[in-house]
Structures are given as C-alpha cells and as structure tokens.
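Visitor: Quick one, what's the 3D model for this:
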Amino acid sequence: MSYDGWGQGEPNNNGGVQNCACIRSVTEYIYRKHGKWDDDLCTLDRNFICQKGIYNFHLVIPRTYPGFANVYCAINVEIEGETLSPDDVTLSVGQTLSSSKPISCSSTSLDGEFRNKSFLLDNVNEDDQIFCYVGELPDKNRSFSLATISAVFDFYALPELPSGPTVGEIRSSSVSVFWSSWIPCLDFGDGPVVGYLIYQQTMEDEWIVVGKIDLDVGEKAIFNE
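Guide: Next comes the predicted model:
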C-alpha cells in the first residue's frame with residue numbers, strides 16, 4: 001500500500017520498527033505533521049475516525065441590497081433513511097471557526113433530502129469567513145462536517161430617480177400622491193422600482209405604513225386618514 005501526503009521527514013522508520021502508518025492531529029503531535037501521514041510503532045493505541053456518512057453542502061450568498069445579506073445553507077447526508085433536522089445545521093461568522101459567532105436562523109425548509117436554512121447577516125467584516133456545519137464543534141466523540149465560504153457580497157445599486165414621488169393636495173383627512181414609472185434611459189441603479197410605500201407620522205412621532213402604490217405613468221393615488 002502507498003500513501004500520499006507524508007509529514008515533513010516521514011516516513012523515516014525510526015529505530016527500524018515503525019511499520020504502521022497513522023495520521024497525526026494537532027492535539028497529539030507537533031503542528032507540522034497535523035493531518036499528515038507518519039510511520040510509527042504498530043503496538044501503540046490509536047483513536048480511529050469512522051465515517052458515518054457523506055454530507056453534501058450547498059452554501060450560497062445571493063445578490064442582495066446594501067445593509068444586510070441572506071445566506072442559504074442546504075445539507076443532506078448520504079445515509080439511507082436519515083434526514084437532517086433544523087437543529088442539526090448551524091451557521092456562524094468570524095475570522096476562525098473557534099472564534100465565530102452563531103447566527104440565528106431566519107427560516108428552514110426541506111427540499112427533497114436537503115435540509116435548507118436561511119440566515120440574515122449584518123455587521124460582517126471583510127476578513128470574516130462564513131461557516132456552515134453539522135454537529136457540534138470538532139470533538140473526537142461526535143460527528144462533525146463543515147463548509148466554508150468567504151464573506152464576499154454582491155450588492156444591488158440602489159435606484160436613483162431624477163423625479164421621485166410628489167405630494168399634491170393635502171386635506172385634513174386625505175392626501176394626493178403623484179409618481180412616475182421607471183424609465184431605464186433616465187433612471188440609475190438596479191431597477192425597476194415597482195412601487196412605493198406611503199408612511200404617515202403620528203402625533204407621537206412614530207412612522208406607520210398607511211398605503212402602497214404601484215407604478216404607472218401619470219397616475220395618482222388618494223389616501224384617506
């Protein structure tokens with residue numbers, strides 16, 4: 001049998017009795033041999049890593065608007081009859097896995113055998129990594145599988161209209177609002193704008209939504225209090 005990925009200076013058959021191969025972990029040996037093959041005595045006790053199943057990850061960051069981002073992580077496991085529950089899938093953000101902070105799930109669904117979860121992110125740094133994993137953080141007694149993606153986001157350019165909505169006649173119990181449709185050759189950004197929300201400020205300085213208008217050239221809407 002042949003092995004690829006030997007550690008530095010290995011195999012060396014130290015003492016002429018190292019006839020077995022093993023993979024070193026950083027917790028049990030010096031860092032330069034972490035995850036590398038080494039030859040050693042066959043009489044030494046070893047911890048075996050058993051593969052329970054293969055996890056398939058789909059980790060996606062769709063294009064989004066400035067200020068926040070949605071991240072979708074879908075995972076299935078190739079074990080007959082087993083489907084992941086929502087609690088099995090975790091997403092965290094940080095520079096390293098050990099220092100990352102878990103993110104609360106926005107929604108979850110089951111797409112065939114894939115457990116899909118969405119997460120809403122904000123305040124993400126440029127050098128952060130996004131980690132999606134199954135199980136607890138690495139522990140030799142538990143199953144663990146991980147996918148990583150850089151925190152790189154593709155944002156839409158906010159629309160800019162030369163002529164925005166205007167307020168017409170204002171009465172004690174109603175207001176008229178005029179607007180224009182999206183004109184690609186005149187307006188800027190990633191359009192089109194498909195509607196406006198109408199807000200009203202209360203006596204307590206609270207803004208509340210009182211209506212919505214869809215865009216059509218030359219139209220207006222009257223909102224009654």
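
Visitor: Could you work out the end-to-end span of stretch 171-179 for me?
Guide: End-to-end distance of stretch 171-179 (C-alpha to C-alpha, to the nearest Å): 19 Å.

Visitor: in it, what counts as buried?
Guide: Val175, Val177, Trp179 (16 or more other C-beta atoms under 10 Å). The C-beta positions use only the backbone N, C-alpha and C, and glycine is treated the same way.

Visitor: Next one, pLDDT for the last one please.
Guide: In this case it means Trp179. Listed pLDDT for Trp179 reads 76.

Visitor: For burial, what's the neighbour tally of the closest residue to it other than its chain neighbours?
Guide: Nearest non-adjacent residue to Trp179, counting by C-beta to C-beta, 6 or more residues apart in numbering: Pro165, 4.3 Å away. Close neighbours of Pro165, defined as other C-beta atoms under 10 Å, add up to 16.

Visitor: and Pro165, what is it in contact with?
Guide: By C-beta atoms under 8 Å, 6 or more residues apart in numbering, Pro165 lies in contact with Val177, Phe178, Trp179, Tyr196, Ile213.

Visitor: now do Gln201
Guide: Trp207.

Visitor: hmm, back to that, please list the members of the contacts of Pro165 that lie in strands.
Guide: Val177, Phe178, Tyr196, Ile213 (DSSP state E).

Visitor: partners of the most centrally placed residue in the chain in the sheet?
Guide: Per C-alpha atoms, centre = their mean, the C-alpha nearest to the average position across the chain is that of Val71, at 3.0 Å. Applying DSSP bridges to Val71 gives these bridge partners: Phe119.
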